[in-house]
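> Sequence plus the predicted model coming up.
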Amino acid sequence: MRGFKKTLLIAGALLCFLAAGWIFIGAGLPQRATYTGQISEDGFSIAPELNSIAPNFEQPALNGAPISLASLRGSPVIVNFWATWCEPCRIEMPDLQTVYTEYQADGLRILAVNLGEPSPLINEWVQSFGLTFDILLDERQSVAALYYLRGQPSTYIISPQGIITDIFYGPVSASTLRAALAPYLR
């Protein structure tokens, strides 16, 4: 009986290890591009991961004008995925606005990508928070798919050279954003 319990314990531990590995592999790693990214002409990987060139996209802004990520090269960019129903998004929006207000004159751009919600609802949200940065509409969630979005909020810091230097899952604070942007601003 004693050997059976030990075998059962080992089998249970092995099963937990395999399940954790499966979840880990399915979720991916921020630096997975080292192994799976597309190589661009200048030798960098193009992938939604650390130290890779951020995948380009073009989406309409809330005002209807299209904005492409590639057109913002030369400026630091924050790409933030959010939704109005997302409580952590509600927590971080004032911090995003604060950082944008502080560094807008230095060329900072924030592209806040909304995930398929109706414009009137988004407008109400934007007005209630006094947001002045770019709000992009991802109606078909094509940008979310391009970035293998794990959940909201997710925030990508992109250098003026177009390289992802930081990724934050969950709400991000103004001080964290300032530290991540420090190499590119004043």
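That came through fine. The model shown is predicted, which means the values in this text are computed figures rather than measured ones.

> Every contact and neighbour count from this point should use C-alpha atoms.
Fine.

> Figure out the helix or strand that Leu103 lives in.
Not quite, residue 103 is Tyr, not Leu. For Tyr103, the element it lies in under DSSP states H and E is helix 87-103.

> now for that helix, which elements pack on it?
Under the contact definition 3 or more Cα pairs under 8 Å, 6 or more residues apart in numbering; DSSP states H and E, helix 87-103 sits against helix 174-181.

> Buried residues, the helix it packs on. List them.
Buried residues in helix 174-181, counted by 16 or more other Cα atoms under 10 Å: 174, 177, 180-181.

> With stretch 72-84 instead?
Within stretch 72-84, the residues scored as buried using 16+ other Cα under 10 Å are 72, 75-84.

> And for Ala65, the neighbour number?
The burial count assigned to Ala65 is 9, neighbours taken as other Cα atoms under 10 Å.

> Nearest to Pro55, out of the buried residues of stretch 72-84: which one, please.
The shortest approach to Pro55 among the buried residues of stretch 72-84 belongs to Val79, at 11.2 Å (Cα to Cα).

> can you give me the strands in this structure?
Residue ranges of the strands in the chain, as given by DSSP state E, are 38-39, 45-46, 58-60, 66-68, 77-82, 109-114, 134-137, 154-158, 164-169.
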